[in-house]
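**Q** starting from these lines, generate the structure:
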Amino acid sequence: MTMVHIRLRAPTNGGTRAGVGMVVFQPSARHTDDASVVLPDTFTVVLDEEGEATVDIQPTGPDWCWKTDEQVPYGSIRWFTVPDTAGTLEYAELTDVDPRTFKPGRNLAAWQAVTGDIKTMIDSMPRFLTGHGFPTIDGKPGDIYLDLDTMDLYTNNQERN
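**A** Sure thing, here's the model as predicted:
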């Protein structure tokens, strides 16, 4: 296990103040620890009045990393590796990695994955369309069309292949 010291601060006029909240830790994937399977479940560490905490966590392996959700105002989500060491490491100095490749980086692939998922979700949602006269466009399942001349509503109930 490796000790990691967390210190979250927020800017103020002339300095900083303690970050108030907690940090949620989660392994990025299930993995083994000796003879056990470690599930990608979460645990929470509450920051003290100085915005600090020390956590004892498992060093990462070649096929997983840690994910944290800093539940403080303006907190971030990070994916990072933790080496196996006897000393205490600073959270701010841990190496951020791409959670898909585990290579050092500022999570560009993770951001692209999230935005890609959102785009896919939005593209699959039904639309509300308007026009004059009977609809002449091929819509997606669930689309609703309003004829602005007659105020008739049309829906596209076709199945998508």
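**Q** show me the contacts for the most centrally placed residue in the chain.
**A** With distances taken as CA atoms, centre = their mean, Ile77 lies nearest the centre of the chain, 5.9 Å away. Contacts for Ile77 were tallied using CB atoms under 8 Å, 6 or more residues apart in numbering; they are 67-70, 107. (Each C-beta comes from the backbone N, C-alpha and C, glycine too.)
**Q** need the phi and psi values for it.
**A** phi -110, psi 130 (degrees, to the nearest 10).
**Q** picking up where we left off before, out of the contacts of Ile77, which is most surrounded?
**A** Within these, Thr68 tops the neighbour count with 23 neighbours, counted by other CB atoms under 10 Å.
**Q** direction included, what does the one helix or strand that one maps to pair against?
**A** Counting by DSSP states H and E, the element that carries Thr68 is strand 66-71. Here strand 66-71 has these sheet partners by DSSP bridges: strand 22-27 (antiparallel), strand 77-80 (antiparallel).
**Q** now the nearest residue to Gly61 once chain neighbours are set aside: how far from Arg100?
**A** The shortest distance from Gly61 to any non-neighbouring residue, by CB to CB, 6 or more residues apart in numbering, is to His31 (5.7 Å). Taking CB to CB, to the nearest Å as the measure, His31 falls 16 Å from Arg100.
**Q** let me see the ranges of the strands in the protein.
**A** Here the chain has its strands, by DSSP state E, at 2-7, 9-12, 15-18, 22-27, 31-33, 36-38, 43-46, 52-57, 66-71, 77-80, 88-90, 128-131, 144-147, 153-155.
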